[in-house]
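>>> fold the following for me, if possible:
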Amino acid sequence: MPITRFLERENFDAETRRILGVAFEAARVALRTDSDAYINEAIAKKMIDFAKAGERSPDLLCERVLNVIRMHM
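Here you go, the predicted structure:
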């Protein structure tokens, strides 16, 4: 599942969208979530928040999102 459907209302450049896509897939693999819509949406929303705050490293985006989600599990 690509992150693009969650980016429809966002104004990110192509490179940021690519980075978010890489980070999104890495987080999904780490959490072993394939079709859980709730978790996919939570991952995407949190990544978008971090990207809006200026984060552009796919590794750090993934790590930060995983930390947040794991704290709430």
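>>> which residues sit against stretch 29-49?
With contacts defined as C-beta atoms under 8 Å, 6 or more residues apart in numbering, stretch 29-49 is touched by 1, 3, 6-7, 10, 20, 23-24, 27-28, 61-62, 64-66, 68-69. Where C-beta positions appear, they are placed from N, C-alpha and C, glycine not excepted.
>>> from the residues you listed, which ones fall inside helices?
With DSSP state H as the criterion, helices contain Leu20, Ala23, Phe24, Ala27, Arg28, Leu61, Cys62, Arg64, Val65, Leu66, Val68, Ile69 from among the contacts of stretch 29-49.
>>> verify the contact between the fourth one and Leu66 for me.
So the one you mean is Ala27. Yes - applying C-beta atoms under 8 Å, one finds Ala27 in contact with Leu66, separated by 5.9 Å.
>>> more neighbours, those two?
Comparing Ala27 with Leu66 by other C-beta atoms under 10 Å, the one with more neighbours is Ala27, at 26 against 16.
>>> spit out the contact partners of that one.
Contact analysis of Ala27 by C-beta under 8 Å, 6+ apart lists Ile43, Met47, Leu61, Cys62, Val65, Leu66, Ile69.
>>> can you give me the distance of it to Glu15?
Distance of Ala27 to Glu15, computed by C-beta to C-beta, to the nearest Å: 19 Å.
>>> and for Gly21?
In terms of C-beta to C-beta, Gly21 sits 11 Å off from Glu15.
>>> between these two, which has more neighbouring residues?
Between Gly21 and Glu15, Gly21 has the larger neighbour count (other C-beta under 10 Å), namely 16 against 9.
>>> so that one makes contact with Arg5?
No - Gly21 is not in contact with Arg5 according to C-beta under 8 Å; the separation is 11.3 Å.
>>> ok, the residue lying farthest from the centre of the chain to Arg64 distance?
Relative to the C-alpha centroid of the chain, counting by C-alpha atoms, centre = their mean, Met73 is the outermost residue, at 17.1 Å. Taking C-beta to C-beta as the measure, Met73 falls 15 Å from Arg64.
>>> go on, Ile43?
Distance from Ile43 to Arg64, by C-beta to C-beta: 11 Å.
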